[in-house]
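Chemist: What would the 3D arrangement of this be:
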Amino acid sequence: MDKKTGGIKIVATNKKAYHNYFIEETVEAGLALLGTEVKSLREGNVQMADAYASPRKGELFIEKLHISEYSHGNLQNHEPMRPRKLLLHKSEIEKLTAKAQEKGYTILPLKIYFKNHYAKVELGLGRGKKMFDKRETLRAKAVERDTDRQYRIKH
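Modeler: Residues are numbered from 1 along each chain as shown. Sure thing, here's the model as predicted:
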């Protein structure tokens, strides 16, 4: 997963979030990480399928983000599932938490990447999809794929 574009190296994307939620707004946040976590991220050892962000005492933390232990770490290796602090301005935190308090909204990590050597996470404010919404999305993708295929055959 080594995609480089303009000083940005994408480490992981949360495709499941786009399937299960309507993403209405995105925000870039920094991640407060330990040294072994950064090294493990650079190796691409992260799973973010069930991760979400939650407010605590005026700060935002990312929960259930699994960053595997660093392969060459020693006794000072990190705990893989520990909550990690998100680095945002106070006004951004207040804005996101106010919207997340509404029924059906969740703050989700969409992408983890390195930007100018700093670990960043793209957060999305998501509203949960119902089952029929998911089926409708899949049906629309299938129709689009078929029309593209027909267009390529004709030309």
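Chemist: in this protein, which helix has the most residues?
Modeler: Looking across the chain with DSSP state H, the single longest helix is helix 131-154.
Chemist: for the protein, what are the low-confidence residue spans?
Modeler: 1-6 (pLDDT under 70).
Chemist: Tell me which stretches of it form helices.
Modeler: 15-20, 35-42, 90-100, 131-154.
Chemist: now those as TSV including distance to Leu65 and mean neighbour count?
Modeler: Any C-beta I mention is one placed from the backbone N, CA and C, and that applies to glycine too. As requested, these are exported to TSV (distance: least, C-beta to C-beta, whole Å; neighbours: other C-beta atoms under 10 Å):
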stretch	distance to Leu65	mean neighbour count
helix 15-20	12	14
helix 35-42	10	19
helix 90-100	17	15
helix 131-154	24	10
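Chemist: Which of those helices sits closest to Arg56?
Modeler: helix 90-100 (10.1 Å; C-beta to C-beta).
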